[in-house]
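Participant: this is the structure alone, sequence omitted:
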């Protein structure tokens, strides 16, 4: 599973994990830390949207041990 940091303007620790893929896009899990409250959202992103987020820097691939994120 690939993990990505989500760029945000409110300085929260938000992460996106790719949990699956099909021919149209990616199944993702978004984990947001809101002042100690963890919000988990499971979504689908089209390939076009996902690649656009990577290209614009909205998603940045996490390096190293990301098992704790997932």
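Facilitator: Here it is on my side, so go on. No experiment lies behind these values; they were computed from the predicted model shown.

Participant: low pLDDT regions in the chain?
Facilitator: 64-70 (pLDDT under 70).

Participant: which stretch of helix or strand covers the residue nearest the centre of it?
Facilitator: Ranked by distance to the mean C-alpha position of the chain (CA atoms, centre = their mean), the top residue is residue 16 at 1.5 Å. In the assignment (DSSP states H and E), residue 16 maps to strand 14-22.

Participant: what's that strand packed up against?
Facilitator: In terms of contacts (3 or more CB pairs under 8 Å, 6 or more residues apart in numbering; DSSP states H and E), strand 14-22 is packed against strand 3-6, strand 25-34. From N, CA and C alone the C-beta is placed, and that goes for glycine too.

Participant: how about the spatially closest residue to residue 12 that is not a sequence neighbour, what does it touch?
Facilitator: Closest residue to residue 12 apart from its sequence neighbours, by CB to CB, 6 or more residues apart in numbering: residue 33 at 5.7 Å. By CB atoms under 8 Å, 6 or more residues apart in numbering, residue 33 lies in contact with 12-14.

Participant: hmm, back to that, show me what counts as buried in the strand holding residue 16.
Facilitator: 14-18 (16 or more other CB atoms under 10 Å).

Participant: distance of the closest residue to residue 20 other than its chain neighbours from residue 11?
Facilitator: For residue 20, ignoring the flanking residues on the chain, the nearest one in space by CB to CB, 6+ apart is residue 27 at 3.8 Å. According to CB to CB, to the nearest Å, residue 27 stands 27 Å off from residue 11.

Participant: between the two, tell me which one has more neighbours.
Facilitator: For residue 27 versus residue 11, neighbours defined as other CB atoms under 10 Å are more numerous around residue 27 (14 against 6).

Participant: might one say that the more buried one is in contact with residue 41?
Facilitator: No - under the criterion of CB atoms under 8 Å, residue 27 is not in contact with residue 41, lying 11.7 Å apart.

Participant: need the residues touching each of these two.
Facilitator: Counting by CB under 8 Å, 6+ apart, residue 27 and residue 41 have no contacts in common.

Participant: just to revisit the earlier point, possible to save the contacts of residue 33 as JSON lines with distance to residue 58?
Facilitator: As requested, the contacts of residue 33 are exported to JSON lines (distance: CB to CB, whole Å):
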{"residue": "12", "distance to residue 58": "14"}
{"residue": "13", "distance to residue 58": "15"}
{"residue": "14", "distance to residue 58": "11"}
